[in-house]
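Asks: okay, here's the prediction I keep looking at, along with the sequence it came from:
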Amino acid sequence: MEAKKEFLSLHISILTISDTRTEANDTSGQTLVSRLKEAGHALIEKCIVIDDIYKIREIVSRWIANDGIDVIITTGGTGLTGRDGTPEAVLPLFDKEIEGFGELFRSISFQEIHTSTVQSRAVAGVSNGTYIFCLPGSSGACRTGWDKILKDQLDYRHRPCNFAELIPRLKEY
């Protein structure tokens, strides 16, 4: 029988990508901050950036290079409009893509918003040992992503496996 594992608090940064959101009306970013804190994780930094692939890359790259950040979660910019550029900004930064994340997100989301989920380009990957999860910009999508996927996968105690337990091994070559 496996010994009971202790909770491991991860260091997480949140990036809201929007041309219109401010700290006062950023319900999606606030949803993620609230949930990660309730789960016992540490918020390292939270920013809002306009939907510009180079500005997004600038912040995400800085966070990837910071050894004090384990996880980056973005919200917004995953749709289909001309301004939605989150996947284009982060995909080139990935060392490895986690294809199953987007697939699972859309599968779960289908139960909630039906075929509208096909408009989501949620993606995830690993860069320099840092997890990056890109969620749509609605607070509902952030609740779905956190409550149905990330809460368990970022909990070191979740069985049979989880993302958190892999953190020490992500930089192996």
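Replies: Okay, I see it.

Asks: what's the pLDDT at residue 40?
Replies: Note on residue 40: pLDDT of 97.

Asks: I meant residue 1, not that one.
Replies: pLDDT, residue 1: 54.

Asks: then residue 164?
Replies: pLDDT recorded at residue 164 is 95.

Asks: am I right that it is in contact with residue 151?
Replies: No: taking CB atoms under 8 Å as the definition, residue 164 is not a contact partner of residue 151, at 11.0 Å. (Glycine included, C-beta is placed from N, CA and C.)

Asks: which one of the two is surrounded by more residues?
Replies: A count of neighbours by other CB atoms under 10 Å puts residue 164 above the other of residue 164 and residue 151, at 23 against 16.

Asks: from residue 124, how far out is the more buried one?
Replies: In this view, residue 164 and residue 124 are 14 Å apart by CB to CB, to the nearest Å.

Asks: tell me which element residue 81 falls in.
Replies: Counting by DSSP states H and E, no helix or strand carries residue 81.

Asks: contacting residues around it?
Replies: If you count contacts by CB atoms under 8 Å, 6 or more residues apart in numbering, residue 81 has none.

Asks: got phi/psi on it?
Replies: Dihedral pair for residue 81: phi -70, psi 170, per degrees, to the nearest 10.

Asks: do the same with residue 156
Replies: Per degrees, to the nearest 10, the backbone of residue 156 is at phi -60, psi -20.

Asks: correct me if wrong: it contacts residue 164.
Replies: Yes: using CB under 8 Å, residue 156 is in contact with residue 164, at 4.2 Å.

Asks: any common contacting residues for those two?
Replies: With contacts taken as CB under 8 Å, 6+ apart, residue 156 and residue 164 have residue 8 as neighbours in common.
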